[in-house]
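> For reference, the sequence and a predicted model appear below.
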Amino acid sequence: MNQPNTIPDSCRHVSSRTATPVAVIMSVYGKDDPKLFDRALTSIENQDYDDGPVRIYLCIDGPVGTEILDVIRAHEDRIYKIVRNESNLGLARSLNKLLDALEDEQFVFRMDSDDYSHANRVSLQVETMRRRPDVDILGGSIREVDENGRVMKVVHYPDGSADISKYITRRSPLAHPTVCFRRSAVERFGRYPELPTNQDWALWFRCLRAGLTLSSIREVLVDMTVTESFFRRRGAKRALDEFRVLTSGIWQIHGLSWRFIYPMLRLLFRLAPSGLIKAAYRSRLR
C-alpha cells in the first residue's frame, strides 16, 4: 500500500532546554499490531523522567497500512524524528539508521513496537547509569504478557559482566527491549550487526569483545508481548541463524571450547515441534 504524504519525513517538537536529553529508538513495519504499537508509543510518552526531553526516533520500515499510519498521525507531535525506508530493510538496518540520526542525547533506549515500557523505566535506568559510570549498557527484567496484557512470567537477567560472559553462550544475557546504551558505548560498538535475526545477541558478543560492560537491574522495566505468532516464527531458518550467531560469538570470545555444546543443544531444541517449544518456553526450566 502506498503511503500518503501527510506525515513529514522528519517531524520534531520543541524540547525544553534541560540537562540530559535521551533518545528512544523504535522501528515499525507493516505486520506490526497497530493497537500494540499505539500502546508502546503511549508508554514512552508517559515516562516520569523530568531531567530532559525523551525523544522518540521512529523508523517506518517499508510500506505500512492505514491503521499504523493513523497511529503515527495521532502521536506525531510527540515523535522527535521519523526515518523512512521505501522498502522493508529489516530491523537491524532500521535501527542503524536511527543510530545515525541521533543528535546530542546522552542515553539511548531500545524499544520494540509491541512492548510496553513502565513509567519509571527511563528515570530508573538513567539514575542507575549515573550511579554506576562503569556500566556501558544496562538492561532490566521483563514481564512476559499475552496480547491482552495477562502476565505469564517474570524473567530476570544477570547483573554483572563476569556472569554475562558465561551466560551469553547459553542465552541472550540482556532483554533487548529493556536496554539503555550510554552514548559513548554506541560510539564504540558502532552499529547493529545487519543480520536477519538475532541481531541483539550478536551485538552483545561484539560489545564484550570491545570491552564494554553490560549489566541488568532486578526491577521489571518492560512488559514484553508474546503472542502465538512468536512461536510460529521460530522455524528451521531462524534456528540455523541463531546457531551461526552463537558459534561465531563463542569462537571469537573463547576459541575452541566445550561451550559449543550449547548452540548444538539449542539447535536441536529449536527444531522440535512448536508445542514442545511453547511448553518449555513457559515452564520454570527457562
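That came through fine.

> Could you use CA atoms for every contact and neighbour count after this?
Will do.

> Assign a three-state SS to L98, would you?
helix (DSSP: H, G, I helix; E, B strand; the rest coil).

> so how far is D61 from it?
11 Å (CA to CA, to the nearest Å).

> same question, D114
Applying CA to CA to D114 and D61 gives a distance of 15 Å.

> residues near E187, how many?
11 (other CA atoms under 10 Å).

> And it, what's its pLDDT?
With respect to pLDDT, E187 scores 92.

> Helix, strand or coil: sort out it for me.
Once three-state DSSP is applied, E187 turns out helix.

> what residue of this structure is the furthest out?
Within the chain, L256 marks the point farthest from the mean C-alpha position, 30.1 Å out by CA atoms, centre = their mean.

> strand partners of the longest strand along the chain, parallel vs antiparallel please.
Counting residues, the longest strand found in the chain (DSSP state E) is strand 214-225. According to DSSP bridges, strand 214-225 has the following sheet partners: strand 116-117 (antiparallel), strand 137-145 (parallel).

> In JSON lines: those strands, plus mean pLDDT, mean neighbour count and distance to L89.
Compiled in JSON lines, the strands paired with strand 214-225 are given as follows (pLDDT from 0 to 100; neighbours: other CA atoms under 10 Å; distance: least, CA to CA, whole Å):
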{"stretch": "strand 116-117", "mean pLDDT": "96", "mean neighbour count": "27", "distance to L89": "24"}
{"stretch": "strand 137-145", "mean pLDDT": "95", "mean neighbour count": "24", "distance to L89": "26"}
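
> Dump those to CSV, plus distance to Q47.
Shown next, in CSV, are the strands paired with strand 214-225 (distance: least, CA to CA, whole Å):
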stretch, distance to Q47
strand 116-117, 8
strand 137-145, 16
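
> how about these, which one is nearest H156?
strand 137-145 (4.6 Å; CA to CA).

> ok, residues contacting the closest one?
125, 129, 151-157, 174-176, 178-182, 185, 212-226 (CA atoms under 8 Å, 6 or more residues apart in numbering).

> again with stretch 110-121
24-28, 32-33, 36-37, 39-41, 43-44, 46-49, 176-180, 220-225.

> any idea how far the host helix or strand of F205 is from the chain center?
In the assignment (DSSP states H and E), F205 maps to helix 199-209. Relative to the chain's own centre, helix 199-209 is displaced by 13 Å; criterion: CA atoms, centre = their mean, to the nearest Å.

> same for it, what does it pack against?
Applying 3 or more CA pairs under 8 Å, 6 or more residues apart in numbering; DSSP states H and E, one finds that helix 199-209 contacts helix 236-254.

> Buried residues, the very next helix or strand once past the helix it packs on. List them.
Downstream of helix 236-254, the next assigned helix or strand under DSSP H and E is helix 261-270. By neighbour count on 16 or more other CA atoms under 10 Å, the buried set for helix 261-270 is Y262, P263, R266, L267, R270.

> Which residue, neighbours along the chain excluded, lies closest to the second one?
In space, not counting the residues next to it along the chain, P263 is nearest to F243; the distance is 5.5 Å by CA to CA, 6 or more residues apart in numbering.
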